[in-house]
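> no FASTA, just this:
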């Protein structure tokens with residue numbers, strides 16, 4: 001007897017997360033490490049659990065995540081989207097709850113590029129009249 005495995009992808013900024021969801025006891029591994037160890041700050045680790053909290057399935061699934069690119073915040077956002085998409089594969093009735101919480105929307109904001117002749121994307125060099 002094989003366990004059902006649900007796979008989904010989440011993206012945010014430059015981060016890409018591949019999420020595997022299996023029935024289990026609530027263990028979450030990110031790149032082979034416990035998620036609290038990998039995502040060191042408490043605020044970031046709470047972001048990852050958001051989809052499970054909303055559908056009240058905290059200890060129902062084991063989650064294995066491969067994530068690369070970006071920083072910790074972007075990776076946490078990518079993991080969150082991946083978990084939410086995987087939960088949809090399990091039960092379509094979760095859709096209205098997840099959608100209302102805004103967990104199915106990919107945050108499309110990207111870093112604005114730096115322009116030539118300027119120190120940053122929007123910042124300008126100080127103007128000197130004389």
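That came through fine. Please read all numbers here as calculations on a predicted model, not as lab measurements.
> For the longest helix along the chain, buried residues please.
When the chain is scanned for its longest helix (criterion: DSSP state H), the result is helix 72-90. Residues 72-88, 90 are the ones in helix 72-90 that count as buried (16 or more other CB atoms under 10 Å). (Each C-beta comes from the backbone N, C-alpha and C, glycine too.)
> following it, which helix or strand comes up?
Of the helices and strands lying after helix 72-90 in sequence (DSSP states H and E), the nearest is helix 95-100.
> hey, what's the nearest residue to residue 27 once chain neighbours are set aside bridged with?
Nearest non-adjacent residue to residue 27, counting by CB to CB, 6 or more residues apart in numbering: residue 62, 4.7 Å away. Using DSSP bridges, the beta-bridge partners of residue 62 come out as residue 22.
> ok, the most far-flung residue of the chain relative to its centre to residue 58 distance?
For the chain, the residue at maximal distance from the C-alpha centroid (CA atoms, centre = their mean) is residue 130, at 50.3 Å. Going from residue 130 to residue 58 by CB to CB, to the nearest Å gives 65 Å.
> Kindly report the same for residue 114.
From residue 114 over to residue 58 (counting by CB to CB), the distance is 42 Å.
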